[in-house]
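Chemist: Would you be able to build a 3D model of this:
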Amino acid sequence: MATYLLVNLIFLFAVFVAFRIRVRKPSKTWCITLAALLALTAIFDSLIVGFNIVGYDTNKILGIYIGNAPIEDFFYAFLAVIIVPTLWAIMEKQHD
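Modeler: Presented below is the predicted three-dimensional model:
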């Protein structure tokens, strides 16, 4: 059975391959955006999990939590900071 971490890593790899993303030094804006999204994820995902709106199979998570949210939940914020600017740049090239 796949764990949430494994699914996240496979998806991340697929995104890097599909969009031909190259790893480079993150900009200050990228770091600020990531920090803001991670902070919001910590707050709101902790509330969502804390109120039992969503739950996770404890056999499929690492068991590391920030607030009530498992560490795997933060992957989506990280991925959004990668995917959104990439898609923006692709669409901008297609528009020109």
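
Chemist: which helices and strands sit right next to whichever helix in the chain runs longest?
Modeler: Using DSSP state H, we find that the single longest helix of the chain is helix 28-50. Identification of packing neighbours for helix 28-50 by 3 or more CB pairs under 8 Å, 6 or more residues apart in numbering; DSSP states H and E yields strand 69-70, helix 75-95. Any C-beta I mention is one placed from the backbone N, CA and C, and that applies to glycine too.

Chemist: change it to 10 Å
Modeler: Under the contact criterion of 3 or more CB pairs under 10 Å, 6 or more residues apart in numbering; DSSP states H and E, helix 28-50 touches strand 65-66, strand 69-70, helix 75-95.

Chemist: Dump the ones you listed into TSV; add mean neighbour count and distance to residue 4 as well.
Modeler: As requested, the helices and strands packed on helix 28-50 are arranged in TSV below (neighbours: other CB atoms under 10 Å; distance: least, CB to CB, whole Å):
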stretch	mean neighbour count	distance to residue 4
strand 65-66	14	13
strand 69-70	22	7
helix 75-95	13	8
